[in-house]
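K.L.:
got a predicted structure plus its sequence, pasted below:
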Amino acid sequence: MSQLSLFDDLPDPAPAGSAREPSADDSPSSVAGGPDDARAVAAANLPTELTALGRRLPAGLRLGTSSWSFPGWAGLVYAGPEPKAVLSRDGLTAYAHHPLFGTVGVDSGFYAPLDARRLARWAAQVPTGFRFLVKAPAAVTQRNRRERDGRWRHNPGFLDVDTALHQAVEPYAPGLGERAGVLLFQFPPQGARIDPRRFAEAIYRFLKRLPTGPTYAVEVRDAHLLTPDFAAALQHGGAVPSVAAHPRVPELRVQASLFPDDAEGPLVIRWLLRRNRGYDEARDRYAPFDQLAEPDPDTRADVLGLAAAALARGREVYIIVNNKAEGSSPLSLVELARALAANRSPDAE
């Protein structure tokens, strides 16, 4: 079989395959109650220093956490402890009251599709200037899926445009409206046998078939797939990279070096996990996520350097931080905000 050109167009895609159904592994925080279940969640009474710090942040900078439903954030984001389900359903108003937070990562979209009604309910809880970063379902980005008999088989929805439209793109803009920020396609590990060039070709063709309008971002978990072909596929496909601080991929600065400095669209940085920790290990060590249990100055320096350079070029910057990065994403963001505000030019005030 001859090698396909990276940017050859293909015929229209075949009809969509079926997407996986939500399983017992799905995040419980992805389940929202109805309007009758709503209850007020009070915001934390934060130091005035944070309010002043928020006013000093550079324009175009959006700081946020990876999800928001953590009872351990009492006193940091929320006034008191609340059940996880209550925070997931009704906590965003209090979350968005935090003077440093202008975005949030909606991780639950990866585990099961989010319909427009649920997205609209969340959007109604935040100010008009707030923006959401929503993960597209794994039904689109996971090459294989576990069937009911326990066996892993090819996922027919993988990179299928109709599946992406139905489960991710079509609910996204109507649900979030002007608060739509970034729609993220995060690809879990694809396996060492996956050819990097063919993966890049597939990503390009997938992106070219998506409707224009939303800001699409792409993130991978395989170091060998981060190639110049992958960078070109995103650039010509109309998407931006999401660079992730994660043990499976190179350091942030190495990932960012693949992409042009003058790229259009926002810079998306997701600070997820220390290089010397596994996900479960970090969760067990850091819970309830109310302190900087294990600061990571090297990754923090990378985040700051990339963000400052992009802001200086007039780009919008999304920084999403996970609790498993240092122990408490709200406190990590406070430290990032202090550094970015301190480096801001006086002429920008």
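P.N.:
Now that the structure is in, tell me what you want to look at.
K.L.:
how about the helices in the protein?
P.N.:
48-56, 84-90, 92-96, 116-123, 138-141, 161-164, 170-176, 196-208, 228-237, 252-256, 279-286, 297-312, 323-326, 329-342 (DSSP state H).
K.L.:
and the contacts of the longest one?
P.N.:
The set of residues that contact helix 297-312 without belonging to it, under CB atoms under 8 Å, 6 or more residues apart in numbering, is 58, 60-61, 243, 245, 251-253, 256, 261, 267, 269, 271, 274-275, 317, 319, 325-326, 332, 335-336, 339-340, 343. For the C-beta atoms, the positions are set from N, CA and C on the backbone; glycine is no exception.
K.L.:
restricted to buried residues, select those in PyMOL.
P.N.:
Those of the contacts of helix 297-312 that count as buried under 16 or more other CB atoms under 10 Å are selected in PyMOL with:
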select buried, resi 58+60+61+243+245+252+256+267+269+271+274+317+319+325+326+332+335+336+340
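K.L.:
so what's Ala116 up against?
P.N.:
Applying CB under 8 Å, 6+ apart to Ala116 gives the contacts 170-172, 174-175.
K.L.:
report pLDDT for it.
P.N.:
The score at Ala116 is 97. That number is its pLDDT.
K.L.:
quick check: the residue nearest to it when sequence neighbours are not counted vs Glu335, distance?
P.N.:
Nearest non-adjacent residue to Ala116, counting by CB to CB, 6 or more residues apart in numbering: Gly175, 3.7 Å away. In this view, Gly175 and Glu335 are 33 Å apart by CB to CB, to the nearest Å.
K.L.:
Pro47 and Phe70, how far apart?
P.N.:
Using CB to CB, Pro47 is found at 20 Å from Phe70.
K.L.:
then Leu306?
P.N.:
Distance, Leu306 to Phe70, by CB to CB: 26 Å.
K.L.:
likewise Val77?
P.N.:
Separation of Val77 from Phe70 (CB to CB): 8 Å.
K.L.:
again with Pro247
P.N.:
The gap separating Pro247 from Phe70 is 22 Å, by CB to CB.
K.L.:
between these two, which is the more surrounded one?
P.N.:
Counted by other CB atoms under 10 Å, Pro247 and Phe70 do not tie: Phe70 has more neighbours, with 25 against 13.
K.L.:
residue contacts, that one?
P.N.:
Phe70 is in contact with 77, 84, 87, 288-289, 323, counting by CB under 8 Å, 6+ apart.
K.L.:
which one of those has the most neighbours?
P.N.:
Highest neighbour count within those, by other CB under 10 Å: Asn323, with 27 neighbours.
K.L.:
that one contacts Glu294, doesn't it?
P.N.:
No - using CB atoms under 8 Å as the test, Asn323 is too far from Glu294 to be in contact (11.2 Å).
K.L.:
bridging residues for the most centrally placed residue in the chain?
P.N.:
Computing the C-alpha centroid of the chain and ranking residues by CA atoms, centre = their mean puts Gly105 first, at 4.8 Å. Beta-bridge partners recorded for Gly105 (DSSP bridges): Ser66, Leu133.
K.L.:
need the contact list for it.
P.N.:
64-67, 133, 135, 184, 270, 320.
K.L.:
what subset of the residues you listed is buried?
P.N.:
With burial judged by 16+ other CB under 10 Å, the buried subset of the contacts of Gly105 is 64-67, 133, 135, 184, 270, 320.
K.L.:
need those in JSON lines (columns: distance to Thr163 and pLDDT).
P.N.:
Below are the buried ones among the contacts of Gly105 laid out as JSON lines (distance: CB to CB, whole Å; pLDDT from 0 to 100):
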{"residue": "Gly64", "distance to Thr163": "27", "pLDDT": "98"}
{"residue": "Thr65", "distance to Thr163": "28", "pLDDT": "98"}
{"residue": "Ser66", "distance to Thr163": "24", "pLDDT": "97"}
{"residue": "Ser67", "distance to Thr163": "24", "pLDDT": "96"}
{"residue": "Leu133", "distance to Thr163": "20", "pLDDT": "98"}
{"residue": "Lys135", "distance to Thr163": "15", "pLDDT": "98"}
{"residue": "Leu184", "distance to Thr163": "16", "pLDDT": "98"}
{"residue": "Arg270", "distance to Thr163": "23", "pLDDT": "98"}
{"residue": "Ile320", "distance to Thr163": "25", "pLDDT": "98"}
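K.L.:
can you give me how far stretch 287-303 is from the chain middle?
P.N.:
Centre-to-centre, stretch 287-303 and its host chain are 18 Å apart (CA atoms, centre = their mean, to the nearest Å).
K.L.:
actually stretch 307-318, sorry about that
P.N.:
Relative to its parent chain, stretch 307-318 has a centroid offset of 17 Å by CA atoms, centre = their mean.
K.L.:
hmm, back to that, okay, the residue nearest to the centre of the chain: pLDDT?
P.N.:
For Gly105, the model assigns a pLDDT of 98.
K.L.:
how many neighbours does Arg117 have?
P.N.:
Counted with other CB under 10 Å, residues neighbouring Arg117 total 12.
K.L.:
how about it: what's its closest non-neighbour residue?
P.N.:
Gly175 (7.1 Å).
K.L.:
ok, that neighbour - contacts?
P.N.:
For Gly175, the contacting residues are 114-120, 123, by CB under 8 Å, 6+ apart.
K.L.:
sounds good, over and out.
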